[in-house]
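>>> please work out how this folds:
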Amino acid sequence: MPTAPVTGPAAGPSLARFGLGTAAVGRPGYITLGRDLDLPAGRSVEALRERTHALLDAAYAAGVRYFDTARSYGRAEEFLGQWLAARPAASDVVVASKWGYTYTADWQTSGVPVHEVKEHSTAVFDRQIEETRALLGTRLQVYLVHSVTPDSPALTDPALHARLAGLAAEGVRIGLSTSGPAQAATVRTALEVTVAGRPLFTAVQSTWNLLEPSAGPALAEAHAAGWLVVVKEGMANGRLADRNATGPGTAALRALAASTGASCDALALAAATAHPWADVVLSGAATPGQLASNLTAAGIDLAPAELAALAPLAEPAEEYWRTRAALPWA
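Numbers count the residues shown, from 1 in each chain. Here you go, the predicted structure:
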């Protein structure tokens, strides 16, 4: 693969708080709303490789320096690894990935009963760290247990903890991503996990958005403990995008967008960066246009009154996660 130039300004203090996630473009099927409008026709491997590289180029040129992927995101690790290899000047990016889900959809979007299978075992870790290393090599800097819930062995298995501590000793930051209505409990349990008297986990990636802010206090605790805190799903899988934020529950967001001239997606992401505990807020953009709109959040400083006006968007956590679970893979 030919070497491509890397252009654009160094990350400023604001854009440095944004990252790009690859869940929406590393595989043909995902649960983000409106994918039929966003992705190339056919969704071939080559088409999504090109789209992923275009997004990475645009993000880097804008000043984004945190890129997130996962073993279960189809071929996203492969796409990111190829992009990094072709752009040696992009040596200043932080590369994060996740293990614990196995992609099972075989590049299909329909007729697939299960798109990914979760297992937080030593056997899966041993297999997936080798797979990740083969694609990302020494560029891997953050490795997260994918989608941890309070009942996950990732919080209790000493053999797995020893494996993770060994990787941490090699200089990789070890953490977890969380999902479900008990995210806060998961984070607080993880804060107490130690190996040889030292904290095991030092990073967390959690869902926080205007509809589901329940993890916020626990994430503040993690940040205070020195963890890297990354916000995912800041747009609630597209529910807070302008084209989808049409119901009565998002009226306050639309009203603020109308009064400020900002897009709904930018306001949603700016609400996340308004919290000092949010070190990185991910964009899950599937098109360069969406990415550009998302990154305008860097220029938005929401006032306390504006944040208060958006607070009523919050749903009960159980309701939010039931709605998310019902989103179709498309």
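>>> next up, the contacts around Ala245.
239, 253-254, 264 (Cβ atoms under 8 Å, 6 or more residues apart in numbering). Glycine gets a C-beta too; all of them are placed from N, C-alpha and C.
>>> helices along the stretch 1-150 of the chain, start to end?
Along the stretch 1-150 of the chain, counting by DSSP state H, counting those that start in this stretch, helices occupy 35-38, 45-62, 76-86, 122-136.
>>> give me the angle between the top strand by length along the chain and helix 76-86.
Secondary structure of the chain read by DSSP state E shows that its longest strand is strand 140-148. Interaxial angle of strand 140-148 relative to helix 76-86 (axes from the mean of the first three to the mean of the last three Cα atoms, to 10 degrees): 170 degrees.
>>> how distant is whichever helix or strand comes after strand 140-148 from the center of its chain?
With elements assigned by DSSP states H and E, the helix or strand that comes after strand 140-148 is helix 158-169. Mean-position distance between helix 158-169 and its chain equals 23 Å (Cα atoms, centre = their mean, to the nearest Å).
>>> need the CA coordinates for whichever helix or strand comes after helix 158-169. CSV is fine.
Next helix or strand after helix 158-169 toward the C-terminus (DSSP H and E): strand 173-178. Output of strand 173-178 as CSV, limited to C-alpha atoms (Å, rounded to 0.1, in the frame of the first residue of the first chain):
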residue,chain,number,x,y,z
ARG,A,173,-3.2,0.8,29.1
ILE,A,174,-5.8,-1.8,30.3
GLY,A,175,-9.5,-0.8,30.7
LEU,A,176,-13.1,-1.8,30.0
SER,A,177,-16.0,-0.6,28.0
THR,A,178,-19.4,-0.7,29.7
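>>> ok, and what's touching strand 173-178?
98, 141-149, 154, 164-165, 167-168, 186-187, 190, 200-207, 215, 227-228, 232.
>>> ramachandran angles for the residue minimising distance to the centre of the chain?
Residue closest to the average C-alpha location in the chain (Cα atoms, centre = their mean): Lys232, at 4.1 Å. Lys232 adopts backbone torsions of phi -110, psi 160, taken as degrees, to the nearest 10.
>>> equivalent analysis for the one 3 residues further on, please.
Main-chain dihedrals, Met235, degrees, to the nearest 10: phi -110, psi 10.
>>> ok, the one 5 residues further on next?
Dihedral pair for Leu240: phi -100, psi 10, per degrees, to the nearest 10.
>>> contact partners for it?
209-211, 234, 250, 253, 264-265, 268.
>>> a markdown table please, covering those residues and showing pLDDT.
Below are those laid out as a markdown table (pLDDT from 0 to 100):
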| residue | pLDDT |
| --- | --- |
| Asn209 | 98 |
| Leu210 | 98 |
| Leu211 | 98 |
| Gly234 | 98 |
| Thr250 | 97 |
| Leu253 | 98 |
| Cys264 | 98 |
| Asp265 | 97 |
| Ala268 | 98 |
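>>> need the contact list for Ala59.
20, 67, 283, 291, 295.
>>> widest-spaced pair of those residues?
Greatest spatial distance in the contacts of Ala59: Phe67 and Leu295, 14.1 Å, computed using Cβ to Cβ.
>>> could you find the closest non-adjacent residue to Asp279?
Val229 (5.0 Å; Cβ to Cβ, 6 or more residues apart in numbering).
>>> equivalent analysis for Ser97, please.
The nearest residue in space to Ser97 (Cβ to Cβ, 6+ apart) is Thr69, at 5.0 Å.
>>> distance check, the one you found against Arg322.
27 Å (Cβ to Cβ, to the nearest Å).
>>> which one's more surrounded, the two?
Thr69 (28 against 12; other Cβ atoms under 10 Å).
>>> so the more buried one makes contact with Glu77?
Yes: using Cβ atoms under 8 Å, Thr69 is in contact with Glu77, at 5.1 Å.
>>> residues bridging contact with the two, i.e. touching both?
Once Cβ under 8 Å, 6+ apart is applied, the residues that Thr69 and Glu77 both contact turn out to be 26, 97.
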